[in-house]
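Visitor: compute the structure for the input listed below.
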Amino acid sequence: MDVLICIDDTDNLDSIGTGKLLENLCGNMKEKGWIKESFISRHQLLIHESIDYTSHNSSMCCEIDVAHQKFDKVLEYSKDYLIENSAKGSDPGLCLIKLEDLSDIGKNEVISFGKKAKKV
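Guide: Prediction:
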């Protein structure tokens, strides 16, 4: 099953960064045999004086292939991994969505939400 795993706000100026954190997380789950991963993409978020961010205000996303019976395990492991490995003082966020569920939401609704998130 194809799943998007996205993380944000996991770093500080002294940490390894959100991209490396997602790379390590996916690498660990791949070693366990739970997932097959694709490339990681960086997503630029709104930069505005009212929004705190470390350096670029970006989030990271990766498409992973997860066996149906492993989804809950991947979700729980990802939560625990971010709690343990996110930088001190950060406010980590995690989103996992099955692509089959995303089609139920509708492409236009997702695009509309993304555009609203780019405005103050």
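Visitor: wasn't residue 75 part of a strand?
Guide: No: assessed with DSSP: H, G, I helix; E, B strand; the rest coil, residue 75 is helix; it does not lie in a strand.
Visitor: thought it was touching residue 97?
Guide: No: if you go by C-beta atoms under 8 Å, residue 75 and residue 97 don't touch, sitting 10.5 Å apart. The C-beta positions use only the backbone N, C-alpha and C, and glycine is treated the same way.
Visitor: got a list of what residue 107 touches?
Guide: Residue 107 makes no contacts at all, as judged by C-beta atoms under 8 Å, 6 or more residues apart in numbering.
Visitor: quick check: phi and psi on it?
Guide: Here is the backbone geometry of residue 107 (degrees, to the nearest 10): phi -60, psi -40.
Visitor: tell me how many other residues crowd residue 31.
Guide: By the measure other C-beta atoms under 10 Å, the count of residues near residue 31 is 9.
Visitor: now do residue 10
Guide: Using other C-beta under 10 Å: residue 10 sits among 26 other residues.
Visitor: repeat for residue 76
Guide: The local packing of residue 76 (other C-beta under 10 Å) involves 10 other residues.
Visitor: kindly report the same for residue 77.
Guide: Residues near residue 77, counting by other C-beta under 10 Å, number 17.
Visitor: run a quick neighbour tally on the closest residue to it other than its chain neighbours.
Guide: Leaving aside its chain neighbours, residue 77 sits nearest to residue 29 (6.5 Å; criterion: C-beta to C-beta, 6 or more residues apart in numbering). Around residue 29 there are 22 other residues, counting by other C-beta under 10 Å.
Visitor: wait, residue 29 sits on residue 74?
Guide: Yes: between residue 29 and residue 74 there is a contact at 6.1 Å, judged by C-beta under 8 Å.
Visitor: circling back to that earlier point, so the residue nearest to residue 77 is in which element?
Guide: Per DSSP states H and E: residue 29 is located in helix 18-31.
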